[in-house]
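K.L.:
Return atomic coordinates for the entry below.
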Amino acid sequence: MTDIAARLLDGKALARSLQNEYKKRIATLEPKIGRPPGLAVLMVGENPASAVYVRNKERASSKVGIASFGQHFPVTVTQTELEVAIDLLNADDCVDGILLQLPLPSHLDATALLYRIRPEKDADGLHPVNLGRLVRSEPGLRSCTPAGVMRLLAEYDIDPAGKRALVVGRSILVGKPMALMLLEANASVAIAHSHTSASDLCDLARKADILVPAVGKAGLIGPELVKPGAVVVDVGIVRVTNPDGSHHLTGDVDFDGVSRVASAIAPVPGGVGPMTVALLLENTITSWVTSWERRRSEAHAAL
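P.N.:
Next up is the predicted model:
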């Protein structure tokens, strides 16, 4: 088989460029609106991976001028206490986006908490109202990771229209909205999941022009599963322990092997992860502007 030098889909560079745009936009609009956009990230417990993600989000927010209203709760926090915290943030006019960092401890009902966030402040795009708008192709806040994938494809002029796409994974966080966004972009979309046989996964994957694994299983996608010239966007994140006790991140894809087969590939880390954070900031800014425009319209109507 002839090797193909895969083009690297650099999410880190694109996210940096987007954040520069966000910073300029906030600097322009803040004097008119009278306050910066505000983002509240709620974290429960001491999950090391979650702590890293939260720090990355808060650091990126600070860089572009988004005020942080983050709250860190002990693992013993109750459902009622979190509901009260969300209600207060829903009512706070200085908070435009609310994100509940997942996973949560097993004694908490994550779905009920996500549903409690007002749809217009749903920075992660996971409220059923926003997911319903995605299904109907209506404007709304989009789930950050799949929206980040779509933005990455667009940056590199990869048009899904008319292409076969395979999403591996069916979570509400990534898999399902990812499939819907690719469908919205006129791709012919298939989904593989835990009940898809190995032979069917192989058959579907080798026919896919765009392959998006989002499972969290290191080495799931090797070069033998990739159609020559396909675009591979690795969304899976696996925290691997090294022999010395340190850790490193990898994805679902055998990066070295698949890079010799694919035409383009998004790595882990440095691919979709930074784009997820960028789209979280974008959702928060969108909510900020929408809230301001709504208040202006209401004030004008009252005259």
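K.L.:
Next, the contact list for the closest residue to Tyr22 other than its chain neighbours, please.
P.N.:
Spatial nearest neighbour of Tyr22, excluding adjacent residues (CB to CB, 6 or more residues apart in numbering): Val64 at 4.3 Å. (Each C-beta comes from the backbone N, C-alpha and C, glycine too.) Residues in contact with Val64 (CB atoms under 8 Å, 6 or more residues apart in numbering) are Gln19, Tyr22, Lys23, Ile26, Leu281.
K.L.:
make it 10 Å
P.N.:
Neighbouring residues of Val64 by CB atoms under 10 Å, 6 or more residues apart in numbering: 18-27, 36-37, 278, 281-282, 284-285.
K.L.:
Show the model's pLDDT score for it.
P.N.:
Per-residue pLDDT puts Val64 at 98.
K.L.:
what's the answer for the one 4 residues further on, then?
P.N.:
Per-residue confidence for Ser68 comes out at a pLDDT of 96.
K.L.:
In this structure it contacts Cys94, no?
P.N.:
No - if you go by CB atoms under 10 Å, Ser68 and Cys94 don't touch, sitting 11.1 Å apart.
K.L.:
Residues that sit against both of those two, list them.
P.N.:
Gly38, Ala40.
K.L.:
Okay, helices next: where are they in the stretch 151-300 of the chain?
P.N.:
For the stretch 151-300 of the chain, the helices defined by DSSP state H, counting those that start in this stretch cover 175-184, 198-207, 255-259, 272-302.
K.L.:
out of those, nearest to Lys121?
P.N.:
Minimum separation from Lys121 across those (CB to CB) falls at helix 272-302, 6.0 Å.
K.L.:
What helices and strands are in contact with that closest one?
P.N.:
helix 11-33, strand 38-44, helix 48-64, strand 97-100, helix 144-155, strand 264-266 (3 or more CB pairs under 10 Å, 6 or more residues apart in numbering; DSSP states H and E).
K.L.:
what domains does the record give for the chain?
P.N.:
35-118, 143-273 (the TED database).
K.L.:
how far does stretch 28-39 stretch from start to finish?
P.N.:
19 Å (CA to CA, to the nearest Å).
K.L.:
Report the distance from that stretch to the chain centre.
P.N.:
In terms of CA atoms, centre = their mean, to the nearest Å, the centre of stretch 28-39 is set 24 Å apart from its chain centre.
K.L.:
Can you give me the buried ones in it?
P.N.:
Leu29, Ile33, Pro36, Pro37, Gly38, Leu39 (16 or more other CB atoms under 10 Å).
K.L.:
Other residues contacting it?
P.N.:
Taking CB under 10 Å, 6+ apart as the rule, stretch 28-39 contacts 22, 25-27, 57-58, 60-61, 64-70, 89, 92-99, 121, 123, 280-281, 283-289, 291-293, 295-296.
K.L.:
Recalculate using a threshold of 6 Å.
P.N.:
61, 65-67, 69, 94-97, 284-285, 288, 292 (CB atoms under 6 Å, 6 or more residues apart in numbering).
K.L.:
quick one: contacts for the nearest residue to Ala123 once chain neighbours are set aside?
P.N.:
Nearest residue to Ala123 in three dimensions, chain neighbours excluded: Gly97, at 3.2 Å (CB to CB, 6+ apart). By CB under 6 Å, 6+ apart, Gly97 lies in contact with Leu39, Lys121, Ala123, Thr284, Ser287.
K.L.:
swap in Gly251?
P.N.:
Asp234, Gly236, Val268.
K.L.:
average model confidence for stretch 29-46?
P.N.:
97.
K.L.:
among the helices and strands packed on helix 272-302, which is the most enclosed?
P.N.:
Each of those was scored by mean neighbour count; the highest is strand 97-100, a mean of 26, by mean count of other CB atoms under 10 Å.
K.L.:
centre of the chain versus that strand, how much separation?
P.N.:
13 Å.
K.L.:
With stretch 90-107 instead?
P.N.:
Using CA atoms, centre = their mean, the offset of stretch 90-107 from its chain centre is 15 Å.
K.L.:
Identify each buried residue in it, please.
P.N.:
Buried residues in stretch 90-107, defined by neighbour count with 16+ other CB under 10 Å: Val95, Asp96, Gly97, Ile98, Leu99, Leu100, Gln101, Leu102, Leu104.
K.L.:
Which of the residues you listed sits closest to Gly169?
P.N.:
Proximity to Gly169 was ranked across those by CB to CB; first place goes to Leu102, at 14.9 Å.
K.L.:
That'll do, ta.
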